[in-house]
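K.L.:
Task: produce atomic coordinates for the following.
(2 chains)
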Amino acid sequence: MITAAAFYIFAFVLIAAATMVVTSRNPVHSVLFLILAFFNAAALMLIAGAEFLAMILVIVYVGAVAVLFLFVVMMLDIDFARLREGFQRYLPIGGVVGLILLLELALVIGTWTTATEASDLRLAPNPGGGVSNTKALGQILYTDYVYLFQIAGLVLLVAMIGAIVLTHRRRPGTKRQDVAAQIARSGSVNLEQVPTGVGIGELGIRRPTLPEAPKPKQVEHADHHGGHH
Amino acid sequence: MDGFLSTPVGILAITVAQTLALLVPVLIAVAYLTLAERKVLAAMQMRKGPNVVGPFGLLQPFADAGKMLMKETIIPSGSSRLLFIMAPMLTFLLAMIAWAVIPVQDGWAIADINVGILYLFAISSLGVYGIIIAGWASNSKYAFLGALRSAAQMVSYEVSMGFVIVTVILCVGSQNLSDIVRAQENVWFFIPLFPMFIIFFVSTLAETNRAPFDLPEGESELVAGFFVEYSSMSFALFFLGEYANMILMSALTTILFLGGWHPPIHAEPFTWIPGFVWFALKICLCLFVFIWVRATFPRYRYDQLMRLGWKVFLPFSLLWLVITAAVLKLTGWLPA
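P.N.:
Residues are numbered from 1 along each chain as shown, chains lettered A, B, ... in the order given. The predicted structure is shown next:
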């Protein structure tokens, strides 16, 4: 009974939040509603018994992806009045495109058939026999489908390298800190044990002499001497 | 009596009692951590610290709390009202709900869940929202800059923290926090995994926005960072949330590396002391180091902070993870 009530509450909030994502006027609020939607989806997974997936959803999507999302959206400077300018003019053609997509979706879903055994597999995140959800997922990913998993990782690696190669460039003339060179420089770091409560001058520890600072250029105003305002 | 405790209402009552039994000491610890920090910093700087309110200044936290309550709550006119009020609540809430899975002693966790460590990691990665929402909702340049810094910083350091946690999970073979502590009965993980212990501790400093990584609130350039616009109780909630997070992260360090409730040696004088006292003592040790670090190191520059996270900690923790996995596999120590 309690589980069912929790399910309906989370499902309702999830759908409400998802609706608010697309309808709210402020994009920052949209992202925040998206985060709420992720949360409720994680809660639904918990109810289904997929505890590992629920936690990973929160860690990856809410904890990292949505943060970057929010980061970008907050810094965007969107003029809402201009965004809504062409709304009336583009409504008919947008409506037609939407209608076509809806029809296509209806056609696809209309011919959807499920395997007879599928209903047993559905909502069964634990294979039984005391094997936890995490272990079951690991078995599938790292034992049964290990090569496919590795290939997926490789594709992501290529994408990552591509993104770095495309965006990274070394600009000439910028000064970078080379920490290794700094530390390796002889005499750059001196550690000295000093007794507390005594001034450094009294201990006779010599500070390194600084290079002589360039003298500020003397401005000649001979006739204005003594004329401080 | 037994019949009542197994009804839904009874279970609820037990959970509420357990929660209070955990959170009240945590909140008192938060109050006294603020005092301890000022006292320890004062001792390290050869001052006396707060010593006027009560004996040795022991009532200072309550005086501070009373002062905070009396102040006027100011909400800036240009702010996003609801989010502005929500942000400190969120920070404080997250710092509290994480305690649900912490095993204070063997079998003393309120919720002894299978994926306890992931739950803690998830909650700690949500902490950034309190800060980023506060920064945005304040509609102030300084607050926003602080929030942006904080978001980038916390996301960066979570990556290496994740690898450290994976290494520990590898050595234990379970994601349950109690199992992690039980696996350290003979040898605490900070000995075999010493470099990871250091990385984890430094990452917790960055994760809780403590010195030397307190750039989000760097007072010398951002006034007070993301909570410039906050006053009164909403400011106090941020403050308490930050300190509660420090205690939480110390608890996590204790569980992962310092053997949780286990005494250092399983022999007579040490075993007289109950496990939760050992747990609390280890947390106090971590907290002392937190404060010690604050008294010792100057604040990092932002590019240095990013370099440390991405170019030092990330490759190193990844390498150490691979080495650990290989050693466990080759020696046959890999837990089933």
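K.L.:
what sits against the residue in chain A positioned nearest to chain B?
P.N.:
Of all residues in chain A, A:Gly63 sits closest to chain B, with a separation of 3.0 Å (C-beta to the nearest C-beta). Where C-beta positions appear, they are placed from N, C-alpha and C, glycine not excepted. Residues touching A:Gly63, when contacts are defined by C-beta atoms under 8 Å, 6 or more residues apart in numbering or on different chains, comprise B:122, B:125-126, B:128, B:155, B:158.
K.L.:
at 7 Å instead, please
P.N.:
Residues near A:Gly63 by C-beta atoms under 7 Å, 6 or more residues apart in numbering or on different chains: B:122, B:125-126, B:158.
K.L.:
residue boundaries of the helices in the chain?
P.N.:
No chain was given, so I picked chain A. For chain A, helices defined by DSSP state H occupy the ranges A:2-23, A:27-48, A:51-56, A:66-75, A:80-83, A:87-110, A:118-121, A:133-138, A:146-167, A:179-184, A:200-203.
K.L.:
that's the wrong chain, I meant chain B
P.N.:
Assignment of helices within chain B using DSSP H yields the ranges B:2-5, B:8-44, B:60-70, B:81-97, B:116-137, B:141-172, B:177-182, B:194-207, B:219-222, B:232-257, B:268-271, B:275-296, B:302-307, B:314-331.
K.L.:
average model confidence for the first one?
P.N.:
To tie it back to what came earlier, the one meant is helix B:2-5. The pLDDT scores in helix B:2-5 average 70.
K.L.:
do the same with the fourth one
P.N.:
Here the mean pLDDT over helix B:81-97 is 88, rounded to a whole number.
K.L.:
That one to helix B:116-137, inter-axis angle?
P.N.:
With axes from the mean of the first three to the mean of the last three C-alpha atoms, to 10 degrees as the basis, helix B:81-97 and helix B:116-137 are set at 160 degrees to each other.
K.L.:
Low-confidence bits of the chain, can you list those?
P.N.:
If you meant another chain, say so; for now it's chain A. Within chain A, the stretches falling below the threshold (pLDDT under 70) are A:77-84, A:119-129, A:188-189, A:199-211, A:214, A:216-229.
K.L.:
wrong chain, I was asking about chain B
P.N.:
Residue ranges of chain B with pLDDT under 70: B:1-2, B:218-222, B:336.
K.L.:
How about the residues of chain A by chain B?
P.N.:
Counting by C-beta under 7 Å from any C-beta of the partner chain, the residues of chain A close to chain B are A:28, A:51-52, A:55, A:58-59, A:62-64, A:67, A:70-71, A:74, A:132, A:134, A:197.
K.L.:
Of the residues you listed, grab the buried ones for PyMOL.
P.N.:
Command for PyMOL that selects the buried part of the residues of chain A next to chain B, burial taken from 16 or more other C-beta atoms under 10 Å in any protein chain shown:
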select buried, chain A and resi 28+51+52+55+58+59+62+63+64+67+70+71+74+132+134
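K.L.:
so which of the residues of chain A next to chain B comes closest to B:Val16?
P.N.:
Within these, distances to B:Val16 taken as C-beta to C-beta reach their minimum at A:Glu51, with 23.6 Å.
K.L.:
Touching, the closest one and B:Asn114? I think so.
P.N.:
Yes - the pair A:Glu51 and B:Asn114 qualifies as a contact (C-beta atoms under 7 Å) at a distance of 6.0 Å.
K.L.:
if I read this right, B:Thr324 contacts B:Leu170, doesn't it?
P.N.:
Yes - counting by C-beta under 7 Å, a contact exists between B:Thr324 and B:Leu170, whose distance comes to 5.9 Å.
K.L.:
Just the closest residue of the stretch 1-150 of chain B to chain A, please.
P.N.:
Nearest residue of the stretch 1-150 of chain B to chain A (C-beta to the nearest C-beta) works out as B:Ser125 at 3.0 Å.
K.L.:
how about that residue, what does it touch?
P.N.:
With contacts defined as C-beta under 7 Å, 6+ apart, the neighbours of B:Ser125 are A:59, A:63-64, B:158.
K.L.:
how many other residues sit next to the residue lying closest to B:Ser156 once chain neighbours are set aside?
P.N.:
If the residues on either side of it in the chain are set aside, B:Ser156 comes closest to B:Gly309, at 3.9 Å by C-beta to C-beta, 6 or more residues apart in numbering or on different chains. B:Gly309 has 24 neighbours, counted by other C-beta atoms under 10 Å in any protein chain shown.
K.L.:
Just give me the neighbour total for B:Ile85.
P.N.:
Here the count is done by other C-beta under 10 Å, and B:Ile85 has 15 residues near it.
K.L.:
B:Val293 is nearest to which of the helices of chain A?
P.N.:
helix A:179-184 (19.4 Å).
K.L.:
how about the closest one: buried residues?
P.N.:
Residues of helix A:179-184 classed as buried under the neighbour-count rule (16+ other C-beta under 10 Å) do not occur.
K.L.:
sorry, back to before: packed most tightly, which of the helices of chain A would that be?
P.N.:
Mean neighbours per residue, mean count of other C-beta atoms under 10 Å in any protein chain shown, is largest over those for helix A:51-56, with a mean of 22.
K.L.:
and it, C-alpha only, in CSV?
P.N.:
The C-alpha coordinates for helix A:51-56 follow below in CSV (Å, rounded to 0.1, in the frame of the first residue of the first chain):
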residue,chain,number,x,y,z
GLU,A,51,19.2,0.7,-6.4
PHE,A,52,22.5,0.9,-8.3
LEU,A,53,20.9,2.6,-11.4
ALA,A,54,19.0,5.0,-9.1
MET,A,55,22.2,6.2,-7.4
ILE,A,56,24.1,6.4,-10.7
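K.L.:
Residue numbers of the stretch 51-200 of chain B in contact with chain A?
P.N.:
Taking C-beta under 7 Å from any C-beta as the test, the list of the stretch 51-200 of chain B residues beside chain A reads B:114-115, B:118-119, B:121-122, B:125-126, B:128, B:132, B:136, B:148, B:151, B:155, B:158, B:175.
K.L.:
In ChimeraX, how would I select just the buried ones from those?
P.N.:
For anyone working in ChimeraX, the buried entries among these, judged by 16+ other C-beta under 10 Å, can be selected with:
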select /B:114,115,118,119,121,122,125,126,128,132,136,148,151,155,158,175
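K.L.:
domain parsing for chain A?
P.N.:
Chain A breaks down by automatic domain parsing into domains covering A:1-78, A:131-166.
K.L.:
Columns distance to B:Ile74 on top of these, output as TSV?
P.N.:
Supplementary listing: the domains of chain A in TSV, determined by distance: least, C-beta to C-beta, whole Å:
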stretch	distance to B:Ile74
domain A:1-78	22
domain A:131-166	44
